[in-house]
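> Any chance you could fold what I've pasted below:
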Amino acid sequence: MSVLLEFAMFPTDKGESVSKYVSRIIDEIKLSGFDYRLTSMGTVVETDTFVEATAVMNRCYDALADDCNRVYCTAKFDVRKSKSDRMNQKIQSIENHIGSVNK
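Alright, predicted model coming up:
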């Protein structure tokens, strides 16, 4: 099974720039050992189970909870059985079709 989690999490009570808080989240994701990609609008993490994906989000929240009074989070999940390495495969599949004409 492959679970792709795309999420954004940040405090809303720390001013305009929250990169130092978001870096805590990325540290937690790195510690999880799961493959991830940071983007300008959020982070994608690939896990083997839904429980692992939600556990990553919980650890990220915990990294902010002590000194952030308000935390915003959006999350999307794509769960597919009998597949793995979809973070790479999905992009490769699209790139294979770029420039081709399908009729």
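
> make it CA atoms for all contacts and neighbour counts henceforth
Fine.

> Pass me the low-pLDDT residue ranges in the chain, would you?
101-103 (pLDDT under 70).

> all helices of it, in order?
Listed in chain order, the helices of the chain (DSSP state H) span 19-32, 50-65, 86-97.

> nearest to Arg80, of the ones you listed?
In terms of C-alpha to C-alpha, the element of the helices of the chain nearest to Arg80 is helix 86-97, at 9.1 Å.

> Send over that closest one as CSV, restricted to the C-alpha atoms.
Taking C-alpha atoms only, helix 86-97 is exported to CSV below (Å, rounded to 0.1, in the frame of the first residue of the first chain):
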residue,chain,number,x,y,z
ARG,A,86,4.1,6.7,-6.1
MET,A,87,5.6,10.0,-5.3
ASN,A,88,8.1,9.4,-8.1
GLN,A,89,6.0,7.1,-10.3
LYS,A,90,3.1,9.6,-10.6
ILE,A,91,5.4,12.4,-11.8
GLN,A,92,7.3,10.1,-14.2
SER,A,93,4.0,8.9,-15.7
ILE,A,94,2.9,12.5,-16.4
GLU,A,95,6.4,13.4,-17.8
ASN,A,96,6.1,10.4,-20.2
HIS,A,97,3.0,11.9,-21.7
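
> can you tell me which of the helices of the chain comes nearest to Met41?
Closest to Met41 of the helices of the chain, according to C-alpha to C-alpha: helix 19-32, at 11.2 Å.

> Who are the packing partners of the closest one?
Packing partners of helix 19-32 (3 or more C-alpha pairs under 8 Å, 6 or more residues apart in numbering; DSSP states H and E): strand 2-11, helix 50-65.
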